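Trainee: Got a predicted structure plus its sequence, pasted below:
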Amino acid sequence: MSRSIRASATADGMKGGSSLWIGGTLVAIALFVAIAAPWIALTDPVMAANLMNAEIPPGAEFPFGTDMQGRDIYSRIVYGARISLTVGIVSQICNSIIGVSLGLSAGFWGGWWDDLVSGLTNLMLAIPSLISPCTRNFIRRGGCPISLPSRAATWPTVIQRKFGCRKT
């Protein structure tokens, strides 16, 4: 297949699907906000606390209002995009490394290792759906970030999607 045919086939696949364009636009906006946070935030989200500005409703000076400590909610959301994207991207990279490594090794060596990885994958796919609500409730009350533990259990889906685990 020539290079121009492959390029046009890829371009044809990218044309369709409004979900692709809507999702891509939202991700691009989130990335822009995260990168440009120092320039588009109105105040420093932490150091600009002023109790004289506590609980001001949304207005011209504070578009989303202020919290109980007088911090601008808009600025906190803008800077929060950086943390949210970092946690999401790092957890997905870790899940992909684990899932691809286990899937490739199971496909390469086969035998008892394939059986073990398949069984572990099936177990991990079953457990989050059973105890995830209980775990999330515990973590929320304990103050632990929820996204990392819940993302740590998603590597089996990488194996299933990429390598097609056999059904037991």
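Mentor: Perfect, thanks for sending it.

Trainee: so what does the helix of greatest length in the chain touch, helix or strand wise?
Mentor: With secondary structure taken from DSSP state H, the chain has its longest helix at helix 73-109. Counting contacts by 3 or more CB pairs under 8 Å, 6 or more residues apart in numbering; DSSP states H and E, helix 73-109 is packed against helix 18-35, helix 37-40, helix 111-142, helix 147-152, helix 155-163. All C-beta spots, glycine's among them, are computed from the backbone N, C-alpha and C.

Trainee: Can you point out the buried residues in the shortest one?
Mentor: With burial defined by 16 or more other CB atoms under 10 Å, the residues of helix 37-40 counted as buried are residue 37.

Trainee: likewise stretch 22-38?
Mentor: Neighbour-count burial for stretch 22-38 flags 33, 34, 37 (criterion: 16+ other CB under 10 Å).

Trainee: got it, and stretch 111-122?
Mentor: For stretch 111-122, by 16+ other CB under 10 Å, it's 114, 117, 118, 121.

Trainee: Might you list the low-confidence residue ranges for this structure?
Mentor: Applying pLDDT under 70 to the chain picks out residues 1-16, 128-168.

Trainee: Repeat the analysis, applying 90 as the threshold.
Mentor: 1-20, 42-51, 53-54, 61, 83-84, 87-88, 91, 95, 110, 119-168 (pLDDT under 90).

Trainee: now the angle from the longest helix of the chain to helix 18-35?
Mentor: Computed with axes from the mean of the first three to the mean of the last three CA atoms, to 10 degrees, the direction of helix 73-109 lies at 120 degrees from that of helix 18-35.
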